[in-house]
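how does the following fold in three dimensions:
(2 chains)
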Amino acid sequence: GAVVSQHPSRVICKSGTSVKIECRSLDFQATTMFWYRQFPKKSLMLMATSNEGSKATYEQGVEKDKFLINHASLTLSTLTVTSAHPEDSSFYICSASSREGPYNEQFFGPGTRLTVL
Amino acid sequence: AQSVTQPDIHITVSEGASLELRCNYSYGATPYLFWYVQSPGQGLQLLLKYFSGDTLVQGIKGFEAEFKRSQSSFNLRKPSVHWSDAAEYFCAVGGGGDYKLSFGAGTTVTVRA
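Numbers count the residues shown, from 1 in each chain, chains lettered A, B, ... in the order given. Purely as a prediction, here's the structure:
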């Protein structure tokens, strides 16, 4: 099956610093990648959709200058949390879709736990 | 707009007993429906999916789900749960050209010995 990896799995940073999270599709070309945020005991909240070579489309209420998304290749998307603050602490999950397989099927990464001190 | 409702926030079931998790969706056209499972601190694992055809779908780990268009439901079932089935379960619906998924709030399953 399609495999998606995320790196790092956990990161702790100081308030005010920036953190980059990588999402890679290991065995398929991901035309579209999604970034989600999940709060404890809560569902997944879609933050943005990125298509390879295009600017990301952000969901309403998500600060695009705060959460920078780059999808420069068909196998890699990155999420950079700029000037992180404690309220940005969360579990971030990416998913990828090839648009060649079953319609709308997204393959999820294992998630990244971000803690901002 | 598409949406998913999972009416049960938390279900406790005895090991060996049957399990049913409810999912109701709202979508204007033919939906694409998914059930995912998430263990603590982990990503999502796909249990099963429905795109078309037979409305009873078999998945991994002994799970199955039935699509009922008349009830806008896609309930997940397992005849006999194992302690390892304790996790968070999410139902999701998609179908638009933007490939987005809408997730339900999730149901936490606790398995007691």
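
which ones are touching the residue nearest to B:Lys68 when sequence neighbours are not counted?
Counting by CB to CB, 6 or more residues apart in numbering or on different chains, B:Thr55 is the residue found nearest to B:Lys68 once chain neighbours are left out, at 7.0 Å. Any C-beta I mention is one placed from the backbone N, CA and C, and that applies to glycine too. B:Thr55 is in contact with B:Glu66, B:Phe67, B:Lys68, B:Arg69, counting by CB atoms under 8 Å, 6 or more residues apart in numbering or on different chains.

ok, these vs chain A, which is closest?
Set against chain A, the nearest of these by CB to the nearest CB is B:Phe67 (14.9 Å).

do you know how far the closest residue to the closest one other than its chain neighbours is from chain A?
What sits nearest to B:Phe67 in space, not counting adjacent residues and going by CB to CB, 6+ apart, is B:Thr55, at 4.3 Å. Relative to chain A, B:Thr55 is positioned 17 Å away (CB to the nearest CB, to the nearest Å).

and if you look at B:Leu44?
The gap separating B:Leu44 from chain A is 4 Å, by CB to the nearest CB.

got it, and B:Lys61?
Computed as CB to the nearest CB, the B:Lys61 to chain A distance reads 15 Å.

doesn't that residue lie inside a helix?
Yes. With DSSP: H, G, I helix; E, B strand; the rest coil as the criterion, B:Lys61 is located in a helix.

now do the contacts for it.
For B:Lys61, the residues meeting the contact criterion (CB under 8 Å, 6+ apart) are B:Val37, B:Leu47, B:Lys78, B:Asp85.

now flag whichever of these is closest to chain A.
Nearest to chain A out of the contacts of B:Lys61 is B:Val37 (CB to the nearest CB; 11.0 Å).
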